[in-house]
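1. next input, structure requested:
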Amino acid sequence: QLQLVESGGGLVQPGGSLRLSCAASGFTFSNFGMGWFRQAPGKEREGVSCITGTGGITNYAPSVKGRFTISRDNAKKTVYLQMNSLQPEDTAVYYCSDCVVHTLNPGFLDVWGQGTLVTASS
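-> Have a look, this model is predicted:
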């Protein structure tokens with residue numbers, strides 16, 4: 001059974017940091033680009049970042065480039081998102097899924113976790 005479980009969200013003040021984790025099971029993790037997506041209230045889901053199966057190539061949305069860093073541990077079947085300098089506009093539910101690194105679009109597995117809420121507010 002394909003499964004993704006996100007964790008690490010929370011409430012932080014603007015300028016703060018969080019590290020999200022996504023644990024995968026049920027598929028050959030290292031064969032897939034993995035990424036993070038987010039959906040803010042009233043907005044469509046958007047791709048935030050994606051990393052290839054080997055971890056050799058990463059891509060970021062312009063709004064987070066230089067502040068967020070994606071990484072993965074294939075032995076642990078886990079993908080991470082280190083988020084620094086968080087701003088109120090980063091407030092959203094964050095999801096992980098497989099992705100296409102060059103487009104930041106979801107891949108074909110069509111599996112999603114429950115998401116983790118990130119709130120940047122004073």
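
2. going forward, measure contacts between C-alpha atoms and count neighbours the same way
-> Fine.

3. next one: the spatially most central residue of the chain from residue 92, what distance?
-> Nearest residue to the geometric centre of the chain (Cα atoms, centre = their mean): residue 36, 2.2 Å. Computed with Cα to Cα, to the nearest Å, the distance linking residue 36 and residue 92 is 12 Å.

4. likewise residue 20?
-> As defined by Cα to Cα, residue 20 lies at a distance of 13 Å from residue 92.

5. coming back round to it: I figured the residue nearest to the centre of the chain hits residue 47, correct?
-> Yes - counting by Cα atoms under 8 Å, residue 36 sits close enough to residue 47 to count as a contact (6.3 Å).

6. helix, strand, or coil at the closest residue in space to the residue nearest to the centre of the chain that isn't next to it in sequence?
-> Once flanking residues are discounted, residue 36 sits nearest to residue 96: 4.4 Å by Cα to Cα, 6 or more residues apart in numbering. The three-state label for residue 96, taken from DSSP: H, G, I helix; E, B strand; the rest coil, comes out as strand.

7. much appreciated, bye for now.
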